[in-house]
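Student: Sequence first, predicted coordinates after that:
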Amino acid sequence: MTDVVTAARKARIESEHERKRKVILDAARRVFERDGAKGLTMRAIAAEAGYAAGAVYFYFDSRAAIMAELAVGELTQMTKDIKGMTARGAAERANSAAHALAQAESLFQIDAKEAETAGSDRQITGKLITLFQTVAEPLGLDGLEGQEANKRALAFAAAVMGLAQMQRSGWLDKLGLSSEDTLQILADRLKSA
């Protein structure tokens, strides 16, 4: 009986801990959207969540850990959205990914060193790989040697991310180019090469 009570209590504590982590992440997302990366401080997050400044450290050991968690969430949602698309062509899928990445905020604010410090580098890397595989899937690279397929998928994903950055900064419009046309050319080349 004591083990059952202890297990139930432990489950309640874990559930409450996860609920509070979610509250903090939601608050961090709001602060980030409102104030940008520079305004995302532990103090600002705590205030937005309704917690004392030091309380956030019980759930996240650093700002980088929160940024990493936001980036993981962003990547997860992006991959789900792209997998759920009706567009099946490589260029269409990649174009949707470019548009999604252009809207991504936290992903472009955390670098690999910060993610490593936060202990989330493997998780973010895994999510990026899944996203890249999802985007490159319509290229039909299955028949290629492992490394060659990986190189082409990465080249395609890098083009998507580069075009997303150009779109975010407004340069694609200024150049009179579209990510869709550019990605169609690249997809055709990668399929036939």
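Tutor: Right, received. Where do you want to start? Numbers count the residues shown, from 1 in each chain.
Student: shaky segments in the protein?
Tutor: Counting by pLDDT under 70, the chain shows low-confidence ranges at 1, 4-5, 87-88, 102, 105-119, 192-193.
Student: Quick check: can you list the domain ranges of it?
Tutor: According to automatic domain parsing, the chain comprises the domains 1-60, 62-193.
Student: Reformat those as a markdown table; add mean neighbour count.
Tutor: For the C-beta atoms, the positions are set from N, CA and C on the backbone; glycine is no exception. Below are those laid out as a markdown table (neighbours: other Cβ atoms under 10 Å):
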| stretch | mean neighbour count |
| --- | --- |
| domain 1-60 | 14 |
| domain 62-193 | 17 |
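Student: What strand or helix carries residue 74?
Tutor: Residue 74 is part of helix 63-83, with elements assigned from DSSP states H and E.
Student: I'd like the distance from that helix to the chain centre, please.
Tutor: Put simply, helix 63-83 sits 3 Å off its chain's centre (Cα atoms, centre = their mean, to the nearest Å).
Student: just checking, what packs against the very next helix or strand once past that helix?
Tutor: On the C-terminal side of helix 63-83, the closest following helix or strand by DSSP H and E is helix 90-103. In this structure, helix 90-103 makes packing contacts with helix 63-83, helix 121-136, helix 146-169, helix 179-192, judged by 3 or more Cβ pairs under 8 Å, 6 or more residues apart in numbering; DSSP states H and E.
Student: angle of the biggest helix by length in the chain against helix 63-83?
Tutor: What stands out as the longest helix in the chain, according to DSSP state H, is helix 2-39. Going by axes from the mean of the first three to the mean of the last three Cα atoms, to 10 degrees, helix 2-39 is angled at 90 degrees with respect to helix 63-83.
Student: In space, what's closest to the residue nearest to the spatial centre of the chain - neighbours in sequence excluded?
Tutor: The chain has residue 75 as the residue nearest its centroid, 2.5 Å off, counting by Cα atoms, centre = their mean. Leaving aside its sequence neighbours, residue 75 sits nearest to residue 127 (Cβ to Cβ, 6 or more residues apart in numbering; 3.8 Å).
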